[in-house]
Every structure is written in structure tokens, then in C-alpha cells.
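Chemist: pasting a predicted model and its sequence here:
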Amino acid sequence: MKYLIIKFGGSVLEELPFSFYQDIVDIQRRGEWKPVIVHGGGPLISELLTQLNIETTFVNGMRKTTSDVLDVVEMVLSGKVNKQVVRTLKQAGGQAIGMSGVDGDLLQASPLQDSALGYVGQVEEVNIYLIKQVVEQDLIPVISPIGLDEQGERYNINGDVAAAAVAKALGGKLCFVSNIPGIYKEVEGVKQILTQVTKPEVEEMIVSGDIKEGMIPKVKAALEALMFAVPEVVILNGKEKGSLVSFTSGNEIGTKVVL
Ligand SMILES: Nc1ncnc2c1ncn2[C@@H]1O[C@H](COP(=O)(O)OP(=O)(O)O)[C@@H](O)[C@H]1O
Ligand SMILES: CC(=O)N[C@@H](CCC(=O)OP(=O)(O)O)C(=O)O
């Protein structure tokens, strides 16, 4: 069974064309690939935090998460965004089931070493049996990135980190769908999209500042996934119609991350 882990973030969520969801349903129907969705929703979380007058800051693309922030993160991701994605897949003719990483120990987590980030977690284990059961029922799993530790404490997990963990556990291809056509690099004042980027190049671009903000956890997660049995990782633009189908058809699209 070939799994395709599709991660889309808040950057593109509101702008994804309806055809993007239809493409996911089509891919599932054709049967070669089993789509598993992991989503983010960072900007929507920030919006609600601002409305509630709760301060929010990021360190290297990760949100500092106090317990007040954590409540809002869970509300937005596992409530609003997760159900919106399930609903849209239904409108596109598919059947999806929304799950948070909290449900059925789907994302077993531990706190990040960086305690300055508060309740931010990393994934220790993924309950792939649950995902496989759902997939066998011809349902598309839609996963929100909140994890639980052994004591039942919840953690905010970056969506890219969660998607890489799911891809690693399933050994599937990983597709980061974002609002940019790939990773760009400025060469003599001109922005160029890279068709492929290697681990040493990524590391250098983080140091030079060419890769910044939300792109940092994305490329780090991509490299981590590649080091553990994920056959392919690509970053592509969800606003570009047909981009996902193009990727599953083996065409060169977006930026491929390689070791
Ligand atoms: N070198 C780069 N190439 C492309 N995007 C970059 C780069 N460095 C930083 N970014 C930023 O990363 C963003 C994507 O990350 P993020 O906003 O977290 O997206 P998502 O919500 O899809 O996870 C882009 O919109 C862009 O602003
Ligand atoms: C720890 C951490 O940063 N968690 C993210 C979870 C959502 C997310 O990853 O959203 P995007 O995919 O839209 O970036 C956050 O709180 O914003």
C-alpha cells in the first residue's frame, strides 16, 4: 500500500481551490495512493489569539505555547480547521474522518527540550494501526497536530513536524502544500524557485537567512523524514491547479528536498 501524506498549512488553507480537494478524492478513488492529510492553521490561531488579547510569539517558526495559548490552538485546529477540511472533502465527493493526534493515541508526544517554547511537543510514536484501519474503510484521515504524552498532557505540535512523523511511520511520500511554488533563493537580486535542494544547501540557507520563518520547520521536517524511510518529499503550491495530481503522476513540480 502506498501512502501519500499531504500536509497543508494555514498559509494556504483559505486559498486552496475546490479542485484541490477534488484531486485528493480522485487520487483516493484511483487506488494507487492512499491519501492521509495532516493540516496546520497557524494564521487562524494567531487571529483568534489577537481577538482574545492573548500575546503570541514565534521562535524559529514554532509558537511559544502557554496553557492559554494551548486552549486556543486546540480549539482552532481540532475544531474549526479539522472539521472544515472534512466538510470540504465531503462536498468534493469524498468521505473523510477528522481526528486529532489526541484521539486513540494517534500522536504520542513528549515535550520539546526547548522549555522556553512551553507546551510544544515532538512526536514519539504514531498509532499507524488506527490510520490503517481508517484507510481500509475507504475514509480519508484528516489529522490535527495536537499530541498527548503518557500522562495525558497535551502538546502543540507544528503541523510540518507532525506530517513528517506520520510519513515516517507509514513510509509514505510526503507533500508539503503551501502558498509558494517551492523554496526560493535570491540570486543577484532575482528570486528563483529551486527544483531541488540538498541537505547541505538547506543547512546553509538557514544560516544565511535565505530560509526563514515557517519554512524552517518545513525543511527540517523534510530532512528528518528523508533520513527515516520516506522515499520522497516535495514542497509545492496548493493554489496551482493540478499540482498534487502532477506530483502523484511523477512530474517534476515544486521543490524536491533530497539528502
Ligand atoms: N526560502 C524560502 N522559500 C519559500 N518560502 C519561504 C522561504 N523562507 C521563508 N519562507 C516563508 O515560508 C512560508 C511558508 O511557511 P508557512 O507560512 O509556515 O506555511 P504553511 O502554513 O504552509 O506551513 C512562505 O509563505 C514564505 O513566506
Ligand atoms: C508548535 C507550533 O508552532 N504549532 C503550530 C501548529 C499549527 C501549524 O503548524 O500551522 P501551519 O501549518 O499553518 O504553520 C502553531 O501553533 O501555529
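Modeler: Looks like it came in fine. Ligands and ions are numbered 1, 2, ... in the order given.

Chemist: in three-state terms, label residue 181 for me.
Modeler: For residue 181, the assignment made with DSSP: H, G, I helix; E, B strand; the rest coil gives coil.

Chemist: and the nearest residue to it once chain neighbours are set aside, how many neighbours does it have?
Modeler: Nearest non-adjacent residue to residue 181, counting by C-beta to C-beta, 6 or more residues apart in numbering: residue 237, 4.3 Å away. For glycine as for every other residue, the C-beta is placed from the backbone atoms N, C-alpha and C. Neighbour count of residue 237, defined by other C-beta atoms under 10 Å: 18.

Chemist: contact partners for residue 107?
Modeler: Neighbour list for residue 107: 101, 123, 126-127, 143, 145-148, 157, 162, 165-166 [criterion: C-beta atoms under 8 Å, 6 or more residues apart in numbering].

Chemist: mind listing what's buried along stretch 5-25?
Modeler: For stretch 5-25, burial by neighbour count (16 or more other C-beta atoms under 10 Å) applies to 5-13, 16, 20-25.

Chemist: could you confirm whether that stretch reaches ligand 2?
Modeler: Yes - contact between stretch 5-25 and ligand 2, assessed by C-beta under 6 Å from any ligand atom, occurs at 9-11.

Chemist: of those residues, list those near ligand 1.
Modeler: Restricting these to those near ligand 1 by C-beta under 6 Å from any ligand atom leaves 9-11.

Chemist: picking up where we left off before, quick one, which of the contacts of residue 107 are buried?
Modeler: Burial by neighbour count, judged by 16+ other C-beta under 10 Å, picks out 101, 123, 126-127, 143, 145-148, 157, 162, 165-166 from these.

Chemist: in helices, which of those fall?
Modeler: Among these, the residues falling in helices (DSSP state H) are 162, 165-166.

Chemist: adding distance to ligand 2 and pLDDT, write the residues you listed out as CSV.
Modeler: Output for these, formatted as CSV (distance: C-beta to the nearest ligand atom, whole Å; pLDDT from 0 to 100):
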residue, distance to ligand 2, pLDDT
162, 8, 98
165, 13, 98
166, 13, 98
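
Chemist: distance-wise, check whichever residue of the stretch 151-259 of the chain sits closest to ligand 1 relative to residue 230.
Modeler: Nearest residue of the stretch 151-259 of the chain to ligand 1, counting by C-beta to the nearest ligand atom: residue 214, 1.9 Å away. As for residue 214, its distance to residue 230 is 20 Å (criterion: C-beta to C-beta, to the nearest Å).

Chemist: do the same with residue 76
Modeler: Taken as C-beta to C-beta, the span from residue 76 to residue 230 is 28 Å.
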